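Colleague: sequence and predicted structure are below.
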Amino acid sequence: MPLQITVLPASTQAGRETIRSLLAEGEPPLIQAVYRDVSKAPSEFTSHADFKAVKGDVSSGTGLDFSTSDAVFYIPPPTYDGTDSSEFGRNAANNVKAALETASGVKRIVLLSAMGAQNDKGVGILSINHVTDETLKTSAAEVVVVKPGFFMETWVSALDTAKADTPYFDSYITPDDHEIAVVSLDDIGKVCAQQLLDTGNSLPSSPYSVNLRGPRDYSALDVQSALQEVTGKKVKINAIKPDQLPAFFGQHVPAQYADELAEMTAACLPGGLIAKEMVQEEGVARGQIELVEVLRKAAESDLGRERSGAF
Ligand SMILES: NC(=O)c1ccc[n+]([C@@H]2O[C@H](COP(=O)([O-])OP(=O)(O)OC[C@H]3O[C@@H](n4cnc5c(N)ncnc54)[C@H](OP(=O)(O)O)[C@@H]3O)[C@@H](O)[C@H]2O)c1
């Protein structure tokens, strides 16, 4: 029997990339993908015989049936609906835990976490990952916690301002030469897929942490040079100072979450809690994809959309 793997929520960025990697295997496992809205399952997946989309919600706990699963991949989603992040994360993790308790066949759970999530305070929105990792750390015989740096894809939106008449991008990494750990979703998907496929193979410990970063760390100057290479324009850095972070994130999310995003970001700046972790090399797995490749791919697919829109 092929391995059966449940991915939830499958609409998350890491969930999608991991499913893509699993389906690219020569002999893919059977994948049960949990969506709040199954119509969001992309056709590149639904056309595959080894893929099944099911309706489920980690907040309410409905539709979480792992009874035929050997392994489960859980990506704690963020919330912006006014609920306290820790409370939201704990409730969702408890729903996943309850579903695992009624599914005796699950040998391995892989959790998407983040660098810094072992801290119970001072890491802002990563409190969701902290409470999840704590809640689920003994919920299966094999527990793997994948802890990536920032997703490189965060900078895809910077292509918009980098292509403008006066090209610039907003940088919350200061000073300009301060490096932080980043990794592409492609690398994350490959590592998480491999951890799921390894179900049943013994781990050095359980829970077992995988600290995942890209081929090198990146500063705002490195991001600037990648944006310049892809756009062919001279791109200015608009540095967001640490005290401006809450107002900056407040343009995109409600104030409560803006403060959490600001705290997480500040923890990555010089002297911060996560910055101290980011200079340690021991036990770090390195991905292969550089930021310039991520940005080029995004720019090309945008161009594709613009072209198809024009006809
Ligand atoms: N972003 C980074 O740089 C980064 C770095 C390291 C670790 N992480 C971790 O990665 C995880 C994902 O973070 P993200 O910000 O990148 O989010 P994301 O992958 O974009 O996930 C958001 C998606 O989760 C789904 N979702 C939300 N609530 C749900 C619920 N109750 N039940 C089922 N699905 C639900 C939503 O899909 P639908 O609306 O389609 O249902 C939404 O599109 C977090 O744990 C985060 O800490 C992120």
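Modeller: Yep, that arrived.

Colleague: only C-alpha atoms from now on, for both contacts and neighbour counts.
Modeller: Fine.

Colleague: where does residue 93 land in three-state SS?
Modeller: Three-state call for residue 93 (DSSP: H, G, I helix; E, B strand; the rest coil): helix.

Colleague: oh, that last question was meant for residue 186, not what I typed.
Modeller: Put simply, residue 186 is helix when judged by three-state DSSP.

Colleague: quick one: residues contacting it.
Modeller: 17, 289 (Cα atoms under 8 Å, 6 or more residues apart in numbering).

Colleague: how about 10 Å then?
Modeller: Applying Cα atoms under 10 Å, 6 or more residues apart in numbering to residue 186 gives the contacts 13-14, 16-18, 20-21, 151-153, 287-289, 294.

Colleague: then residue 86?
Modeller: Taking Cα under 10 Å, 6+ apart as the test, what residue 86 contacts is 92, 124, 125, 126, 127, 128, 129, 130, 131, 132.

Colleague: one more pass at 8 Å, please.
Modeller: 127, 128, 131.

Colleague: which of these sits closest to the ligand?
Modeller: Closest to the ligand out of the contacts of residue 86 is residue 128 (6.5 Å), distances taken as Cα to the nearest ligand atom.

Colleague: tell me which element the closest one falls in.
Modeller: helix 127-136 (DSSP states H and E).

Colleague: ranges for the strands of this structure?
Modeller: Using DSSP state E, the strands of the chain run over 4-8, 30-35, 51-55, 71-74, 108-112, 142-148, 150-151, 168-171, 182-183, 208-213, 236-239, 284-286.

Colleague: just the terminal-to-terminal distance for stretch 98-116.
Modeller: 26 Å (Cα to Cα, to the nearest Å).

Colleague: could you give the mean pLDDT of it?
Modeller: Mean pLDDT, computed over stretch 98-116, is 97.

Colleague: residues from the stretch 101-250 of the chain in reach of the ligand?
Modeller: 113, 114, 126, 129, 148, 149, 150, 151 (Cα under 6 Å from any ligand atom).

Colleague: can you put the contacts of residue 86 in a markdown table and add pLDDT, distance to residue 56 and neighbour count?
Modeller: Formatted as a markdown table, those follow (pLDDT from 0 to 100; distance: Cα to Cα, whole Å; neighbours: other Cα atoms under 10 Å):
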| residue | pLDDT | distance to residue 56 | neighbour count |
| --- | --- | --- | --- |
| 127 | 97 | 23 | 26 |
| 128 | 98 | 19 | 27 |
| 131 | 98 | 21 | 26 |
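
Colleague: thanks again, I'm all set now.
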